[in-house]
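Visitor: sequence? don't have it. structure:
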């Protein structure tokens with residue numbers, strides 16, 4: 001599941017960069033690479049990026065852990081150490 005999350009993060013970052021380029025410079029990188037916004041290559045890339053975003057939304061629910069932040073994990077470890085008297 002970690003590999004799927006890493007791949008999804010990379011794809012979502014690519015999608016965000018594409019939106020940033022489009023918003024700031026009116027340049028659509030995916031459309032430029034695949035020679036048009038409605039070409040089969042562009043549609044596939046947009047669909048994969050959408051699936052990656054959906055995966056990042058539902059993966060915390062599937063894993064049962066929710067969204068875990070680094071500070072939360074460190075605080076939990078410190079609390080356990082205090083409980084154990086270490």
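Guide: Received it, and whenever you're ready, just let me know what you need. Since we're looking at a predicted model, the values are computed, not measured. Numbers count the residues shown, from 1 in each chain.

Visitor: and residue 31, how many neighbours?
Guide: 18 (other C-beta atoms under 10 Å). C-beta coordinates here come from the backbone N, C-alpha and C atoms, glycine included.

Visitor: using the three-state scheme, assign it.
Guide: At residue 31, secondary structure determined by DSSP: H, G, I helix; E, B strand; the rest coil is helix.

Visitor: the residue nearest to it when sequence neighbours are not counted - how many residues pack around it?
Guide: Once flanking residues are discounted, residue 31 sits nearest to residue 37: 4.2 Å by C-beta to C-beta, 6 or more residues apart in numbering. For residue 37, the neighbour count with other C-beta under 10 Å is 12.

Visitor: which phi and psi does residue 37 have?
Guide: Main-chain torsions, residue 37, degrees, to the nearest 10: phi -70, psi -20.

Visitor: same thing with residue 64?
Guide: Torsion angles, degrees, to the nearest 10, at residue 64: phi 80, psi 0.

Visitor: any idea of the pLDDT on it?
Guide: For residue 64, the pLDDT comes out at 79.

Visitor: and it, how far from residue 58?
Guide: From residue 64 across to residue 58, the span is 12 Å (C-beta to C-beta, to the nearest Å).

Visitor: quickly list what's touching both of these two.
Guide: Counting by C-beta atoms under 8 Å, 6 or more residues apart in numbering, no residue touches both residue 64 and residue 58.

Visitor: tell me which of these two has more neighbours.
Guide: A count of neighbours by other C-beta under 10 Å puts residue 58 above the other of residue 64 and residue 58, at 10 against 6.

Visitor: tell me the secondary structure for residue 62?
Guide: helix.

Visitor: right, and the residue nearest to residue 31 touches residue 22 too?
Guide: No - applying C-beta atoms under 8 Å, one finds residue 37 not in contact with residue 22, separated by 10.1 Å.
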